[in-house]
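Visitor: Test case, fold it:
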Amino acid sequence: MLFPQATYIQRREALRQLVGNGLIVLPGNNESPMNYPANTYKFRQDSTFLYFFGQHRDGLVGVIDADTGREVLLGDEIDIDDIVWYGEVTSVEQMARECGVAHVAPAAAIREMVADAKKAGRRVHFLPPYRHETMLWLHDLLGIHPSRQRTEASTELIQAVVKLRLIKSEEEIAELERAAAIGYEMHTAAMRLCRPGVTEAYIGGTLEGIAASYGSNVSFQSIVSMHGEILHGYPSERKLEAGRLLLCDAGAETREHYCSDHTRTTPISGTYTQRQKDIYNIVVDCHDLALTHARPGVKWWDVHFAVCKLMTERLKDLGLMQGDTEEAVRAGAHALFLPHGLGHAMGMDVHDMEGLGQTYVGYDDEVRPSTQFGTASLRFARRLEVGHVVTDEPGIYFIPALIDLWRKGGTNAQFLCFDEIEKFKDFGGVRIEDDVLITPDGCRFLGEKRIPYHVDEVEEFLRNREA
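Guide: Reported below is the predicted structural model:
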């Protein structure tokens, strides 16, 4: 457990008050085999279970009776065969005491608890599952087919969890700062290694090793690629080539699952060409514009579109776009270059709580999602509050297949200078991303050290790296 017992008690009580009635069932995760049962991936606890119960062991379930306040931690004790191989572990009763839960029961007891609640006509609240094993467990427990579990999950519970987890406490911010510090080490290592002849895979593997050396995981599969126009360009055996850019999007996840997520785009030759600077500096200015706009009470939707308008203006200056900026952005013409949103919520998941449904996490009754290409991928748009953590990640990408598709179909042709855009098909892409905490008077970076990203900072860093 990372936080004091009182933290978990307070969280569960707040959840109980928000849900109001019924039985809340929060399953943790089980071990997940890679290729046979005894050979498992590194265990990763369910974030919501960990948020409310703080325990990392597999095979646990937390139950909260929203009517009576009774709480139960369910799980089976480890037997001697497991102890021989893995050593002594904390008992379920001791884990319950650590997080302030008064009652324990074996795992099988959940069936009777749920049956009693259903017999009494009480609601059984559960969250949308994301692991197939949990889906099968819920099917056996509630008789709800996996194909219906996301739609029949408890809206009240989803909204309550989102409300609590979106606002980060000082304890959580400290852990996010730790993740950001590890992220700094990862990205500066990638920048030092970024030179002709080094493979993408070598850099990607180094990033994973750095995270592991701090007792952490990577918070998602690292994106390390000379093809920055591929939004999720995972590392290959390709050797880095002089004159190109390397896009590295990576982060760390601490043992308690608090994440970092940064992106840097580094010149493999050590300096940016003028053409690269022209595009790169637009992204820098869009990134920094978001920092001046982000503050409590402002909709992230509006910050996103302020960035889109600045990007459009600057692309017009380069002769890649034309026409009225407001009309171009309203039509979604900028999405040829920026086919994703400005950022996402971040916390115990790198895309925080995305498994609960993005419309609950990033949107609300005031701000609703768009179906327009590009804007539809804006994962967070709601009004900002103190304690929100969001990523600020504008980018400009030249995606040949998308350029060809839009040109052939005449999509937004009145705003796009396709003859000039054609000349950038070999460019790749640029993204710059940082993790931002919303504060009472604005926002600030997470992490004591900032990973270089302005052109002069990056080039100076590369000049001064060891040979």
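
Visitor: Going by length in residues, pull out the top helix of this structure.
Guide: Longest helix of the chain, by residue count under DSSP state H: helix 170-193.

Visitor: Run through the neighbouring helices and strands of the helix or strand just after it.
Guide: Next along the chain after helix 170-193, taking DSSP states H and E as the criterion, comes helix 200-213. Where contact means 3 or more C-beta pairs under 8 Å, 6 or more residues apart in numbering; DSSP states H and E, helix 200-213 is packed against helix 170-193, strand 217-218, strand 223-225, strand 245-250, strand 252-253. The C-beta positions use only the backbone N, C-alpha and C, and glycine is treated the same way.

Visitor: in the stretch 251-400 of the chain, which spans are strands?
Guide: Ranges of strands in the stretch 251-400 of the chain, per DSSP state E, counting those that start in this stretch, are 252-253, 262-267, 389-392, 395-397.

Visitor: follow-up on the earlier one: and the longest helix of the chain, what does it pack onto?
Guide: Using 3+ C-beta pairs under 8 Å, 6+ apart: helix 170-193 touches helix 200-213, strand 245-250, strand 252-253, strand 262-267, strand 434-439, helix 455-464.

Visitor: where's the residue nearest to Phe418 when sequence neighbours are not counted relative to Ile421, distance?
Guide: Closest residue to Phe418 apart from its sequence neighbours, by C-beta to C-beta, 6 or more residues apart in numbering: Arg407 at 4.7 Å. Noted for Arg407: a distance of 8 Å to Ile421, by C-beta to C-beta, to the nearest Å.

Visitor: residue contacts, Gly59?
Guide: By C-beta atoms under 8 Å, 6 or more residues apart in numbering, the contact list for Gly59 reads Gly28, Asn30, Gly75, Asp76, Ala107.

Visitor: Next: His125.
Guide: Val19, Gly22, Leu23, Ile24, Val25, Ala66, Ser154, Glu156, Leu157.

Visitor: Then Asp278?
Guide: Counting by C-beta under 8 Å, 6+ apart, Asp278 has contacts Leu318.

Visitor: Report how many residues lie close to Asp58.
Guide: 16 (other C-beta atoms under 10 Å).

Visitor: And the pLDDT at it?
Guide: The model reports Asp58 with a pLDDT of 95.

Visitor: Ala467 too?
Guide: 57.

Visitor: Please shift the residue numbers so they start at 166 in all later answers.
Guide: Happy to do that; since the first residue is 166 now, the last one works out to Ala632.

Visitor: picking up where we left off before, of all the strands of the stretch 416-565 of the chain, which one comes closest to Tyr367?
Guide: strand 427-432 (14.6 Å; C-beta to C-beta).

Visitor: May I see the buried residues of the closest one?
Guide: With burial defined by 16 or more other C-beta atoms under 10 Å, the residues of strand 427-432 counted as buried are His427, Thr428, Arg429, Thr430, Thr431, Pro432.

Visitor: Now pLDDT and neighbour count too, for the contacts of Gly224, in JSON lines please.
Guide: Shown next, in JSON lines, are the contacts of Gly224 (pLDDT from 0 to 100; neighbours: other C-beta atoms under 10 Å):
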{"residue": "Gly193", "pLDDT": "98", "neighbour count": "23"}
{"residue": "Asn195", "pLDDT": "96", "neighbour count": "16"}
{"residue": "Gly240", "pLDDT": "97", "neighbour count": "23"}
{"residue": "Asp241", "pLDDT": "94", "neighbour count": "12"}
{"residue": "Ala272", "pLDDT": "97", "neighbour count": "14"}
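
Visitor: Need the residues you listed in TSV (columns: distance to Phe168 and secondary structure).
Guide: Formatted as TSV, the contacts of Gly224 follow (distance: C-beta to C-beta, whole Å; DSSP: H, G, I helix; E, B strand; the rest coil):
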residue	distance to Phe168	secondary structure
Gly193	17	coil
Asn195	24	coil
Gly240	20	coil
Asp241	26	coil
Ala272	25	coil
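
Visitor: quick check, nearest of those to Leu454?
Guide: Using C-beta to C-beta, the contacts of Gly224 come closest to Leu454 at Gly193, 41.4 Å.

Visitor: Isn't that closest one up against Val228?
Guide: No - with contact defined as C-beta atoms under 8 Å, Gly193 does not count as touching Val228 (11.7 Å).

Visitor: The helix or strand harbouring Val237 - which strands sit beside it in the sheet, and in what orientation?
Guide: In this assignment (DSSP H and E), Val237 forms part of strand 236-239. According to DSSP bridges, strand 236-239 forms sheet pairs with strand 226-230 (antiparallel), strand 268-270 (parallel).

Visitor: Okay, buried residues for the last one please.
Guide: This points to strand 268-270. Buried-residue list, strand 268-270, by 16+ other C-beta under 10 Å: Val269, Ala270.

Visitor: list the helices and strands the helix or strand just after that strand packs on?
Guide: Using DSSP H and E, the helix or strand that follows strand 268-270 in sequence is helix 274-284. Counting contacts by 3+ C-beta pairs under 8 Å, 6+ apart, helix 274-284 packs against strand 188-192, strand 226-230, strand 236-239, strand 289-290, helix 297-307.

Visitor: export these to CSV and tack on distance to Met476?
Guide: Shown next, in CSV, are the helices and strands packed on helix 274-284 (distance: least, C-beta to C-beta, whole Å):
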stretch, distance to Met476
strand 188-192, 42
strand 226-230, 45
strand 236-239, 50
strand 289-290, 43
helix 297-307, 40
